[in-house]
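Chemist: pasting the structure only:
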């Protein structure tokens, strides 16, 4: 386990397409709520919505950030995301390249 001052996390966000994902990614990186965002296009999502099964093409954002920034990140996503209920879920990074984790810490804004 890498010993950093705050917990690094990966956040998964789905969007209706690449353009929306890239716009959100730029906002999150510019505001230093994320150190890096990968955009994976061509995702197929099958899910329940309002009592029926839906199927859509989406883009997936893979966001590297810190747990202490998660609530602010969610607020920013909700402000700019076209979905009524955007998917924004966080997963812990339990270990990683120490240099990368330190870079992630340095490139996200400090709330200390």
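Modeler: Done, it's in. Since this is a predicted model, take the numbers as computed values, not measurements.

Chemist: What segments of this protein are strands?
Modeler: Listed in chain order, the strands found in the chain under DSSP state E are 8-15, 36-49, 52-66, 88-92.

Chemist: what's the most buried one of those strands?
Modeler: Mean neighbour count (mean count of other C-beta atoms under 10 Å) peaks for strand 8-15 among these, with a mean of 21. No exception for glycine: its C-beta is placed from N, CA and C like everyone else's.

Chemist: Counting by contacts, list what that strand packs against.
Modeler: Counting contacts by 3 or more C-beta pairs under 8 Å, 6 or more residues apart in numbering; DSSP states H and E, strand 8-15 is packed against helix 18-30, strand 52-66, helix 70-80, strand 88-92, helix 98-107.

Chemist: Test my guess that residue 58 contacts residue 17.
Modeler: Yes: contact criterion C-beta atoms under 8 Å: residue 58 and residue 17 qualify, at 7.0 Å.

Chemist: And the helices and strands packed on strand 8-15: which comes nearest residue 38?
Modeler: strand 52-66 (4.2 Å; C-beta to C-beta).
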